[in-house]
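> Kindly generate the corresponding structure for this input.
(chains A and B)
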Number of protein chains: 2
Amino acid sequence: MYNHSELKVLVDKALMNLSYNTEAPRLIDPVRYILSIGGKRLRPVLTLMACNLFNDRINDAVMPAAGIEVFHNFTLVHDDIMDQASLRRGLATIHSKWNVNQAILSGDVMAFISNECFLQAPAESMIKVFRVFNKAAVEVCVGQQLDMDYEKAVIVTHDEYLRMIELKTAVLIAASLKIGAIIGGSDDKDADLLFDFGRNLGLAFQIQDDMLDVWGDTKIFGKKQGGDITANKKTLPLVKAMEKASTAQRKELQELFSGNETDPEIKIKKTISLFDELGVKSATESLIREYINKAFVLFQKVSVDEKRKSELTTLAGSLIGREY
Amino acid sequence: MYNHSELKVLVDKALMNLSYNTEAPRLIDPVRYILSIGGKRLRPVLTLMACNLFNDRINDAVMPAAGIEVFHNFTLVHDDIMDQASLRRGLATIHSKWNVNQAILSGDVMAFISNECFLQAPAESMIKVFRVFNKAAVEVCVGQQLDMDYEKAVIVTHDEYLRMIELKTAVLIAASLKIGAIIGGSDDKDADLLFDFGRNLGLAFQIQDDMLDVWGDTKIFGKKQGGDITANKKTLPLVKAMEKASTAQRKELQELFSGNETDPEIKIKKTISLFDELGVKSATESLIREYINKAFVLFQKVSVDEKRKSELTTLAGSLIGREY
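Numbers count the residues shown, from 1 in each chain, chains lettered A, B, ... in the order given. Okay, here's the model as predicted:
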């Protein structure tokens, strides 16, 4: 059994040692840059932990795990262009450090670098794990499309919002676990249980992220409060507020998010005060708890000795146990 | 044995019948659009012809062939953003019909749709053909990077230029043939011969394209003469001219391509007159002939009955036999 920090070291090493076609160094410099500026390596660590549930030979899972991280960073590079974000993990995004064309092209090559990683999976499970990965990759694109569509929508329903974050965030976390399980030699039932565990965990994780934007402690969270509100992003608290609002309150919310309120401080203050009036915080907390509970019920059903589950239990708990 | 038009029908049908995740229709509309506005389907037809050299059961190669065409169109969508091109095959490019963000994201999903096509290759050859495809995909990105780098370079050498078009254009044509051969059951020697045949054919094809821009008959070629000259593109005639030029002529060329000459008609006229002074046309024609000859010598070595080679011989000849 490997612990969390041992697995993160393995992932970081694999990412550092990726071999590139370096004939055009300008293509690869941004790839090395984005992969070197940190991140928790959550998804590849989950892959290795899921593999390690079933098997102590986790080396077979290292390259596909690295492939998932490269893919995840590919989506960040292109999302940052689309969102015109200038910072990522506190450092310049690729399109702002280089230019948009460079970010498009270096992002593109990352998609094929992640393919290369999957092509190094063990032959007996490669096709199966590649299919799981590729389905998730398509779904992440669909989720990003819905996110873009919903930015312009006046009202997004609870179900629409949940499906969007499921596709954009949860399925890749779910696939990361399933891929590790398959390579570790699990049966289909356990692999699917781990997928659903990850899906529910991913939903809880994203909703918590939405919540931290509104009620998070800036010092712990490390982000400015109300960033999503300023950016007109659809979040679970906003969706809940629209659901619960009276006609007058809904009008007020729509006015706040119409673009007419130009002072971000006033917009944030008024929005949060409406959220509080409507009891949105406790409704959101209940939903997070619901998904956490579902996740752990599914995880318990995985037919592996409890002792082997401890690292994954601790990691899952730490993901959704942040203070707010 | 299938003829060219039968194979094109098979490719078009496969592309029309691709199954998509349609949960976010805005994501897929541009994909359907770009795949429906025509094109010769050269690469997938080459895949099927190469398969058909060895085997009459070509159905196994149809999905990978479609995957190559989807990948090729993915590169066109993103290249058109980078080049700020508003037209493709006489119709609006995706970023001009929709917007840049849409073209990035719909392009991205096409990369994973082409993966899906490869994941439907026959199990016994899938890993092998996927590796050939993915290596080519990375190299196309490297070629596009070199093309971008060279736009800003004052002098590009003959060797640099040839390597750039090899990566950007020739390797995908080469890979298309090799993939078909592998699925058709060829041995490694014939598959590699077909790859090198395609590489040389691709080089001849691209150099001919450069030549048609300068000396092509607008009516036959269907493009405005001198487009590459106006766009400051590095082409084989320009590279040859720089090689052969006296110090004074080189200065004149550099001045013409410095951006100071703002009248495109004058720039085109003066450039072509320098090309003619320097005998660039016949030097370029010799090079095309050299690659064609190399290509056909390689093709002759493929250990397949001459009768089976007729369709591919005709297609290859028609590619590089255009009037100029």
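> Show me which residues of the stretch 151-300 of chain A are close to chain B?
Proximity of the stretch 151-300 of chain A to chain B, by Cβ under 8 Å from any Cβ of the partner chain, involves residues A:Arg163, A:Leu167. (Each C-beta comes from the backbone N, C-alpha and C, glycine too.)
> Report the helix or strand with the lowest average pLDDT across chain A.
In chain A, no helix or strand scores lower on mean pLDDT, DSSP states H and E than helix A:218-221, which sits at a mean of 60.
> can you pull the pLDDT of the residue sitting furthest away from the middle of chain A?
In chain A, A:Ala248 marks the outermost C-alpha relative to the chain mean, sitting 35.1 Å out by Cα atoms, centre = their mean. At A:Ala248, the model reports a pLDDT of 95.
> What lies in contact with the strand or helix carrying it?
Using DSSP states H and E, A:Ala248 falls within helix A:247-256. Contacts with helix A:247-256, where a contact means Cβ atoms under 8 Å, 6 or more residues apart in numbering or on different chains, come from A:Val154, A:Leu238, A:Ala241, A:Met242, A:Ala245, A:Glu261, A:Lys267, A:Lys270, A:Thr271, A:Leu274, A:Glu277, A:Leu278.
> Tell me which of those fall in helices.
Among the contacts of helix A:247-256, DSSP state H puts A:Leu238, A:Ala241, A:Met242, A:Lys267, A:Lys270, A:Thr271, A:Leu274, A:Glu277 in helices.
> Can you tell me which of those residues is nearest chain B?
Set against chain B, the nearest of those by Cβ to the nearest Cβ is A:Leu238 (20.3 Å).
> Would you mind measuring from the closest one to B:Pro44?
46 Å (Cβ to Cβ, to the nearest Å).
> Comparing the two, which shows the higher neighbour count?
B:Pro44 (32 against 25; other Cβ atoms under 10 Å in any protein chain shown).
> For the closest residue to that one other than its chain neighbours, give me its contacts.
With sequence-adjacent residues excluded and distances taken as Cβ to Cβ, 6 or more residues apart in numbering or on different chains, B:Pro44 is closest to B:Ala65, at 3.6 Å. Neighbouring residues of B:Ala65 by Cβ under 8 Å, 6+ apart: B:Val11, B:Ala14, B:Arg43, B:Pro44, B:Val45, B:Thr47, B:Leu48, B:Ser176, B:Ile179, B:Gly180.
> Closest one of these to chain A?
B:Ile179 (14.3 Å).
> what's the neighbour count on that closest one?
Other residues close to B:Ile179 by other Cβ under 10 Å number 34.
> again, but for A:Lys189
Other residues close to A:Lys189 by other Cβ under 10 Å number 11.
> Same question for A:Val280.
When neighbours are counted by other Cβ under 10 Å, A:Val280 comes out with 26.
> swap in the one 10 residues further on?
Burial of A:Glu290, expressed as a neighbour count using other Cβ under 10 Å, amounts to 14.
> Quick check: pLDDT value at it.
For A:Glu290, the model assigns a pLDDT of 96.
> Point me to the helix or strand that includes it.
helix A:280-301.
> Output the contacting helices and strands for that helix.
helix A:188-215, helix A:236-244, helix A:310-320 (3 or more Cβ pairs under 8 Å, 6 or more residues apart in numbering or on different chains; DSSP states H and E).
> Quick check: buried residues in the last one?
Spelled out, it's helix A:310-320. For helix A:310-320, burial by neighbour count (16 or more other Cβ atoms under 10 Å in any protein chain shown) applies to A:Glu311, A:Leu312, A:Leu315, A:Ala316, A:Leu319, A:Ile320.
> And the second one, by the same measure?
Within helix A:236-244, the residues that count as buried by 16+ other Cβ under 10 Å are A:Leu236, A:Pro237, A:Leu238, A:Val239, A:Lys240, A:Ala241, A:Met242, A:Lys244.
> how about the closest residue to the fourth one other than its chain neighbours, what does it touch?
Spelled out, it's A:Val239. Nearest residue to A:Val239, sequence neighbours excluded (Cβ to Cβ, 6+ apart): A:Tyr161, at 4.7 Å. Going by Cβ under 8 Å, 6+ apart, A:Tyr161 touches A:Tyr150, A:Lys234, A:Thr235, A:Leu236, A:Val239.
> Pick out the most distant pair among these.
Spatially, the most separated pair among those is A:Tyr150 and A:Leu236, at 12.4 Å (Cβ to Cβ).
> I'd assumed A:Pro237 was in contact with A:Met211.
Yes: between A:Met211 and A:Pro237 there is a contact under Cβ atoms under 8 Å: 6.5 Å.
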